[in-house]
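Got a predicted model here, sequence first, then my questions.
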Amino acid sequence: MRTLQRGISVLHSLLSEEEEMVSADKVERKGRNPKLIVARDTCLLYRFYFKSKIERRLYPDSVAALMNEFHLSQVMIQKIIQAKTDELMLIKKEQPSVKSLKEKYPHFVW
């Protein structure tokens, strides 16, 4: 009987090691896709430029509009804008037209 127990425990230990190896090979990253976050932030910056420069809205009104469009909080939008000021300055320097914005992001109403 004792030999049987030892055999069962060895079998279980072998199976559990195999399961651990399989799960270690399939390391799945959880959370949001970083590439999609970068694309969202870039789009948000173009929309902010459009709202503030082309439509001539005030900063709070532009942020409020972006809150509705991107389903983000006011604080999160402000953090993105502050973190990406260099990119926003490049957009400002580029001065994209409404036509180029329509071509770049056709799913938005410009």
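Right, received. Where do you want to start? Predicted, not measured: the structure shown is a model, and the values here were computed from it.

dump the residue contacts of Y59.
S52 (CB atoms under 8 Å, 6 or more residues apart in numbering). Heads up, the C-betas are built off the backbone N, CA and C, glycines and all.

where does it land on pLDDT?
As summarised for this prediction, Y59 has a pLDDT of 96.

Look up how far K104 lies from it.
23 Å (CB to CB, to the nearest Å).

Repeat that for I80.
As for I80, its distance to K104 is 18 Å (criterion: CB to CB).

do the same with P96
7 Å.

any idea which helix or strand carries R47?
helix 34-49 (DSSP states H and E).

related to what we said a few turns ago, compare I80 and K104 and say which is more crowded by neighbours.
Using other CB atoms under 10 Å as the criterion, I80 and K104 rank with I80 on top: 21 against 13.

Quick check: buried residues in the strand or helix carrying that one?
Counting by DSSP H and E, the element that carries I80 is helix 74-83. For helix 74-83, a neighbour-count test (16 or more other CB atoms under 10 Å) marks I77, I80, I81 as buried.
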